[in-house]
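Engineer: next come a sequence and a model predicted from it.
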Amino acid sequence: MKTNKRFIAIICLLAFALVMAPTFEARSGGITNVDSGCTCHTSTSSGDVSPFMTLANGSALPDTYNANEVYTFAFGFTGGPGDVAAGTQDNMGGFNLVASKGDLASLGDFTTMTAGQLTHTPAGNDQVNWTVEWTAPSSGSVDFQLTVNSVNGDGSQSDDDHWAQSTFSMGAVGGSGDETEPADGLTVLFSALLLVASLLIIAVVYVFYRNNPSAFSWESFKPWIAGWLTSTDHKKVGTLYFVAGLFYFVVGGVIALLMRIQLAVPGNDFLTQDEYNQFFTLHGTVMIFLAAMPLINGFANWIVPLQIGARDLAFPRINAMAFWLNPVASVLILTGVFSGNAADVGWTGYQPITSWPGTHSGATFWLAGQIMLVASSTLAGINFITTIATMRAPGMGWMQMPLFTWSILVSVMCLFISIPAFGIGLIEAFLDRTISTAFFNTSAGGDPVLWQHLFWYFGHPEVYVVIIPAFGIISETLATSARRAIFGYKSMVLAMAGIGFVSFLVYGHHMLTSGMSPWLRFVMMITTMFVAIPTGIKIFNWLKTMHGGSLVYRTHTLWSLGFLVTFTLGGISGMFFPSIAMNTHMHETYFVIAHFHYVLVGGVVFALFAAIYYWFPKMSGRMMDERLGVLHFLIAFISYNGLFWPMHKLGLWGMTRRHHTYFLQANEYSDVIGTLPAEASGWNMFITINAFVFGLSTLIMVVNMIMTLFKGKKAPADPWGGWSFEWLVSSPPPTPSFDELPILIDVNETDEAKPNWLMKLMVPDDEEVMY
Amino acid sequence: MSDEYVTVDGVREIVREELRDHGITKQKATPAPKKDSHDDHDGHHHINGWGPHDWEHGAPHNSWAPIIMSLGIGVFLFSFASTFAMNESMNNYVFSAGSLPMVFVGFAIISAGLLVWWRQDLAFDGHYEPKATGVPFQNIDIRKVGMWVFLMSEMMVFSSLFSTYIRYRLGTESCQVILDNHNTYSNGLPFSPGDACWVPASYFIAGSHSESWTLSLGGVGLPDTLVPGAINTFALIISSFTVVMALKTAKREDMTSTERSKKVRNYLAATWVLAVMFLVFKMVEWFIGFNIGPFHAPSLMEDGFTIHNELYSFAGAGHDGGHIDVNLRLSAATFFVATGTHGAHVFAGIIGLTYMTYKAHKGGYNPDSAESIEYFGLYWHFVDLVWVLVFPAFYLY
Amino acid sequence: MSHKILGKDAYNMNFAMLMILTAVEVGAVAASVQGGIGPEMVILVLVSIGAIKFLGIAFVFMHLRMEADSNILTLTALFPVFFILVMIIAIALTSPAAPDSLPSWCRF
């Protein structure tokens, strides 16, 4: 028992240390650096003293400075007991001035340099304003921290003396801003991340404790945790994917909320421009590569072998390898986020900025992390394609495969074939940034559009990689809820395969304004419009499935219905983009943001929620609370639409993406380019509020999941009345999942094994393969 | 059956009966090992992820190799990016020696993971070799299908590199054309020194620019600079041959196992030597150059064909005394990264061959487990195949 | 398992063919740089010999012919061809300046 207490104490201490750590690093120097010239008189800070700092000629401090130029500043204060006519009293004031960059030099007798800081001399005590000379550095933004004392002249310390402190900033002309100090937003993110990580550790320990309270010791914890770290079992690896995916879902969400706070009001300064650049980069990367894909992989790991009646994936160890590359890659991708040096190039990593030394050093590590994710996806792709192609249970032909497995096959195919292009592009960019090759260096003849080609050759299939599994999930949940087989199974399969196929022919619609070949632009415009056909087929098949069945309203049904609405809306707004003219107009506006969040959140995330409510009983063996589920759906669906629908309007008004702030028109007649109508402010606030509601509503699901794990009622093997193989085994499935491999026989079809051209190419059953 | 309800178990019974009637129950293609092997899933021989693995019980259930190798790759990439960083003017890199040891630490960690992986595999004797069921790969080893799927990805990797090469080759004005047009682009704009244009690697390797022509015979000759590349081409083809011979030998039933093991080992070792030779000649060609007897050729680096050379004095084929100062960084980067990626594949093959030679030395390959050599061979032949395309495209053209 | 080409072991025959063809390739380049044959001829030789070598390696060494599973694995290997073509057409041949150096029938 004593060991246990020590164990818990150590964990708590670690968690506490983790949460506290950022505060030590992120605080700037603060007032303690200020020496006796200022705070000696008093400890009271007073609002009636206002420090000021201007150029020597009295004009305001410019926003930017010229590198290495020498400036003369006038500074001082107004207000407080010292603000009286000159000569009325001695000892009117004092100050301390610290510049974060550049060199301060004393001018005249009133000021002196002490330990790199400028303060007043005894003679300077009789002044309320002073001058200083400052030599600008070569790059980076600079902060002047000015602390002033307004004293009443009696020469003693008392609370009648007042002090105040202000910071004045200037940015470099064309400055890279590469050495921005950690500021509030970063601290918030840092703390949030570490808080989640600590909670994760505590949760892991708690889960272990719950498993067997009597064996709560290091001796039994070690093999348990080693089992998780080394496991190659598809169910365990799937769970690991989930934990990682949900963790980064929260991280990406927190980043999004920070950006929404920044955009809530016009001209906000909650985040600096520099931080905002990093945050939208990381939001995109984290959400696509570290949240959506691991969550999909989690379901694929769990469900695909069960659905096709296989004992495990084809290459279990490679499967574990594909997973473990993920967390390591995520560390590389997030490198620099705590020191303000994270990648700031957008999730698309467009060139030539990504190969430009002015971007943060984090961009190099971001590229390295992405290279690891490419390796991970390739390994996972080998595994899933091989598994689905070779390990289906006897009797399960291609056209008997459940639609979710089909969707995973198509999506993995897309990913597998397209991702090498991305990998090569990343390696080229990575070498550009490290050993300085010249692939995307325009002065050496490099072509930035090549990067866009390589990226979007992968990037567009990638979009379908995350949405096609969503199609599969919805096909499963809707058919089960409607208590009938899916309408038009074959057309569903063909539509999915068609979408996957077409995805390679349409990628240029992301580059219509990039100046690529006009011929290719035209082709891509036409092919993009074709995407609507298979997608439309799927929507109508789902509608017809519900029409012909009798719908049971479970939580996963609600999410599926929500998916149908939002995904269709997202699809419709997507139909504006193939047209080159419309695309040119709406490129890089919030209309684009609205469109792809409608398909990625309303499509992928809603489907993932449906899948969680649908398969959680199978995975955990416990039924989730339906009331909390419905509550989650209602809150999330409403706030989701409140969050993303107004963005269409903002986009048409001209609000641009990837800009850290926006400004309003002074009046309806002003036409300053880039300003928005006055209503935009209200809508942005509305969006931010909805973003918080939507983000917090996810907590309902998390709480539901945790409560279910401990208190939920036991789930039967087939709680919803599904009829694919995963419902044959108990909940949770045993290991191995199948005592004997299941056999599928389709009672509705006659013998389907008619010889066709493909069969003539295959190895016949009665012939052993010759080697 | 349509007008009465049956339980799920009832349906399964009916299905089983029907299948028995159709004779489908013989599951010769079942990938599973003996059923009882899985019962001790949490048993002691599986929880040990360090190997060697007991293959009687099917595929590995636990392995430390994935997490160790992932960490190693992370450390390697992180420290590589810390060691080299492009400079402000984007024409060279800043080298931080302090992080360099970590690059090797990363390598060491990857190697450690790889050793764990191999230690588990060493016991594999071909007893557990699941076969595919169903259309279209029925009766083929699952590992073989997996290898071909992996090769699909490799095809796309080299297609991407070739796309980069073709795009730049066709989209960048050739220096020769500019020189021939008297320092003018074909669109009429003047060329100024330091501008980018295309100098193919073959200009240095197989062009008349080359200084030394030892192997010439009556007006037809081979520039010395092409010798390493040409030898490498033959080396790869021979190594492809030795690897199929290793496979063929490992399958021979008409030898004693000692004799067979020895021959297999020798064939694999020969492959290993040829692969190492390939990389050595590559280094000679890139960085070292050679001066052996009548043969002498500067390396590409000495010739000025480097990724950082912004002012290369290009004289063209004519040797008429005229020259232009060109930026050939793009040509060099494309050449070195494309052929370097191929070299990295050869390097990966060497690592695999090291393990396989050791295993062959230990007598690990017999007619049952010879397929492992075939699957490695597929990869190795693919690398050879890529060279068949890389060599003419980058060295000769 | 011992397949034959012209009565000899397939691996040996293929190996001999590859060695000879490579020698011809190198010889053709050697001839061209000293003005023996024109550049068009060299490209023709390189492309055609490259294709033959490619097929020799794929069919014999990689067992895409003469095995029970050759047909279906050939089909597998051909699967990416379509995507490679898309990549070559869309990425490799669409550089703004690329069409200048191409014959008119394959300009984009």
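Structural biologist: Thanks, I have it. Numbering: from 1, shown residues only, chains lettered A, B, ... in the order given.

Engineer: measure how far stretch A:673-691 is from the centre of its chain, please.
Structural biologist: Distance of stretch A:673-691 from the chain centroid (Cα atoms, centre = their mean, to the nearest Å) equals 22 Å.

Engineer: with adjacent residues omitted, what lies nearest to the residue in the stretch 451-600 of chain A that chain B sits nearest to?
Structural biologist: Per Cβ to the nearest Cβ, residue A:454 is where the stretch 451-600 of chain A lies closest to chain B, at 6.4 Å. In short, each C-beta sits where N, CA and C put it, glycine included. Counting by Cβ to Cβ, 6 or more residues apart in numbering or on different chains, residue A:454 lies nearest to residue A:425, which is 3.4 Å off, once chain neighbours are set aside.

Engineer: before we move on, the earlier item: count of neighbours near the residue of the stretch 451-600 of chain A closest to chain B?
Structural biologist: For residue A:454, the count of nearby residues is 28 (other Cβ atoms under 10 Å in any protein chain shown).

Engineer: hmm, it is touching residue A:424, no?
Structural biologist: Yes - at 6.4 Å, residue A:454 counts as touching residue A:424 under the criterion of Cβ atoms under 8 Å.

Engineer: so what's in contact with these two at the same time?
Structural biologist: Shared contacts of residue A:454 and residue A:424 (Cβ atoms under 8 Å, 6 or more residues apart in numbering or on different chains): B:160, B:164.

Engineer: just the pLDDT at the residue in chain C that chain B sits nearest to, thanks.
Structural biologist: Nearest residue of chain C to chain B (Cβ to the nearest Cβ) works out as residue C:95 at 2.9 Å. Looking at residue C:95, its pLDDT reads 74.

Engineer: ok, it - contacts?
Structural biologist: A:447, A:449-450, B:167-168, B:170-171.

Engineer: what does residue A:430 give?
Structural biologist: Listed by Cβ under 8 Å, 6+ apart, the contact set of residue A:430 reads A:364, A:367-368, A:371, B:81.

Engineer: quick one: it from chain C, how far?
Structural biologist: 19 Å (Cβ to the nearest Cβ, to the nearest Å).

Engineer: any idea how far the helix or strand containing residue A:317 is from the chain center?
Structural biologist: Assignment of secondary structure by DSSP states H and E places residue A:317 within helix A:316-333. Counting by Cα atoms, centre = their mean, helix A:316-333 is centred 18 Å from the centre of its parent chain.

Engineer: buried stuff in that helix?
Structural biologist: For helix A:316-333, burial by neighbour count (16 or more other Cβ atoms under 10 Å in any protein chain shown) applies to A:316-330, A:332-333.

Engineer: burial check on residue 194, number of neighbours?
Structural biologist: Picking chain A for this. 18.

Engineer: can you look at chain B instead?
Structural biologist: By other Cβ under 10 Å, 14 other residues sit near residue B:194.

Engineer: assign a three-state SS to it, would you?
Structural biologist: Secondary structure for residue B:194, judged by DSSP: H, G, I helix; E, B strand; the rest coil, is coil.

Engineer: who touches it in this structure?
Structural biologist: The contact partners of residue B:194, taken as Cβ under 8 Å, 6+ apart, are B:310-311, B:325-327.

Engineer: so which of these also contact chain A?
Structural biologist: Among those, the residues that sit close to chain A (Cβ under 8 Å from any Cβ of the partner chain) are B:310, B:327.

Engineer: now the contacts of residue B:194: which count as buried?
Structural biologist: When the contacts of residue B:194 are checked against 16+ other Cβ under 10 Å, the ones flagged as buried are B:310, B:326-327.

Engineer: which parts of chain B are strands?
Structural biologist: Assigned by DSSP state E, chain B shows strands spanning B:84-86, B:93-95, B:290-292, B:295-297, B:312-314, B:324-326.

Engineer: next one: the first one to chain centre, how far?
Structural biologist: When distances are taken as Cα atoms, centre = their mean, strand B:84-86 is centred 26 Å away from the chain's centroid.

Engineer: now what about that strand, what contacts it?
Structural biologist: Against strand B:84-86 from outside (Cβ under 8 Å, 6+ apart): A:355, A:357, A:361, A:364, A:432-436, B:92-96.

Engineer: buried members of those into PyMOL, please.
Structural biologist: The PyMOL command for the buried members of those (criterion: 16+ other Cβ under 10 Å) is given here:
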select buried, (chain A and resi 355+357+361+364+432+433+434+435+436) or (chain B and resi 93)
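
Engineer: so what pLDDT did the nearest residue to residue C:63 once chain neighbours are set aside get?
Structural biologist: Distances taken as Cβ to Cβ, 6+ apart put residue C:70 closest to residue C:63, at 6.4 Å, once the chain neighbours are dropped. Confidence at residue C:70, expressed as pLDDT, is 85.

Engineer: my read is that residue C:70 contacts residue C:58, right?
Structural biologist: No - the criterion here is Cβ under 8 Å, and residue C:70 misses it with residue C:58 at 10.4 Å.

Engineer: having no further points to raise, I will conclude here.
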